[in-house]
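Asks: quick one: sequence plus predicted model below, questions after.
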Amino acid sequence: LEVFKGVDLEIIASDKGIKYNWVVSSSFSGEIKYVVHGASVKKITSTELQFTGGDFSWTEKLPLVFDKETGEKLTAYYKVSEDTVSIHWESEIGKRSISQVVVDPILIFSTYTGSYADNFGCTGTYDDLGNGYAGGTVFDFGLPTTSGAFQENFGGGRDENLGYGGSRDCAILKFNSKGDQLIYCTFLGGNDNEQPHSMVVDSFMNLYVMGTSRSTDFPVTKNAFQKKNNGDYDFFITSFDSLGTLRASTLFGGSGLDGVGADRSSRNVNQFP
C-alpha cells in the first residue's frame, strides 16, 4: 500500500497477530508523519510514546529501523507535535547511501526456556501490563518450576499411538514484560497425558488455560462443573491468579475423544476437521 510516493505501508496478519512496517525508498525526501485520532499522544523519551484514550493507555517503543539490503541498523527517534507523530532516522551509514529503509516494530523480549526432558510450545498470550505467558508440553521430569509452584512435580502419563508423543504434562510459565524474570513456572497434569491449546488473560490478570486431559486425577477445584474424566480425552479449563495460584479448574467432555481432534497415527494433518 503506497501511502506516500516512495513510502509503502506493509500490514502483515499471521497467527501471531497484526503488525506493520513502513518501507521507504531512497527517492523519498520527506518525513513519515501520522495523526492520532481518538487518543492523546505524548513523547516519554525520544524512543518511546504513550497513547491515552478513554480508560486505556499503551506505549509504543521506537521501531527497529534498518537498511533492507544489508540489515544494518539506523539511529532513529520520534517527534511529536500535538496529535502528530513523525519518525526520523539517519539517511546514510557512513558515506554510503541507503536504497531502502524498513521501519519495523521492535522485539520486546526473547528468551529460551525449557526442561531437561523433551518439551515444545503449544500456545501463548500476554496481559495488559506486557507480561508474557507460555504454555507447552513437557515429557518428563526436569521442568524448572518456581518455588511454591502449584504443581512442582511431573504427574505422569503413558505412551500412546495418536502421534502426539509419549507421557506428558502441561508446562505453564509467566514472564515479566522485559523477559528477564520468571514470575512462575508450574506443571499442570495428572496421571495420564495433557496438553494446552489456548490461553487468555482477563483484566484482573487471571490466566485461563484451555487444553485436553486423559487423566483420572486431573487437578480440579471443589465446585468444578465436571470433576471426573468421562472417557478418553476431555477438555479442561483451568485458571491461575497473577502469582500462579490455582483459582478454578474443571473438566468438560463426553465419553469419546474430545479436544485433541484426530488420530495422527492414521490421518494426515490436512485431513483434520
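Replies: Yep, it's here.

Asks: what is the helix or strand hosting residue 50 packed up against?
Replies: Using DSSP states H and E, residue 50 sits in strand 48-53. Applying 3 or more CB pairs under 8 Å, 6 or more residues apart in numbering; DSSP states H and E, one finds that strand 48-53 makes contact with strand 40-45, strand 56-61, strand 76-81. (Glycine included, C-beta is placed from N, CA and C.)

Asks: what's the average pLDDT for that strand?
Replies: Throughout strand 48-53, pLDDT has a mean value of 82.

Asks: give me the angle between that strand and strand 40-45.
Replies: Orientation note: strand 48-53 sits at an angle of 160 degrees relative to strand 40-45 (axes from the mean of the first three to the mean of the last three CA atoms, to 10 degrees).

Asks: got a list of what the residue nearest to residue 119 when sequence neighbours are not counted touches?
Replies: Distances taken as CB to CB, 6 or more residues apart in numbering put residue 138 closest to residue 119, at 4.1 Å, once the chain neighbours are dropped. Neighbouring residues of residue 138 by CB atoms under 8 Å, 6 or more residues apart in numbering: 115, 117-119, 154, 168-171, 187.

Asks: now do the buried residues in the strand holding residue 50.
Replies: Residues of strand 48-53 classed as buried: 49, 51 (neighbour count, 16 or more other CB atoms under 10 Å).

Asks: same check on stretch 126-137?
Replies: 126-127, 131-137.

Asks: among those, which two are most distant?
Replies: Farthest pair in the buried residues of stretch 126-137 (CB to CB) is 127 and 137. Separation: 22.5 Å.

Asks: which residues in the stretch 151-273 of the chain form helices?
Replies: Using DSSP state H, counting those that start in this stretch, no helices are found in the stretch 151-273 of the chain.

Asks: going along the chain, name the strands of it.
Replies: All strands of the stretch 151-273 of the chain, identified by DSSP state E, counting those that start in this stretch, fall at 169-175, 182-188, 194-201, 207-213, 234-240, 246-252.

Asks: strands paired with the fourth one, and their directions?
Replies: Paired neighbours of strand 207-213 in the sheet (DSSP bridges): strand 194-201 (antiparallel), strand 234-240 (antiparallel).

Asks: tell me the most buried of these?
Replies: Among the strands paired with strand 207-213, the stretch with the highest mean neighbour count (mean count of other CB atoms under 10 Å) is strand 234-240, at a mean of 23.

Asks: now the angle from it to strand 246-252?
Replies: Using the same axes, to 10 degrees: strand 234-240 against strand 246-252 is 170 degrees.

Asks: now what about strand 234-240, what contacts it?
Replies: 150, 172, 184, 186, 188, 194, 206-214, 218-220, 226, 246-254, 258-259.
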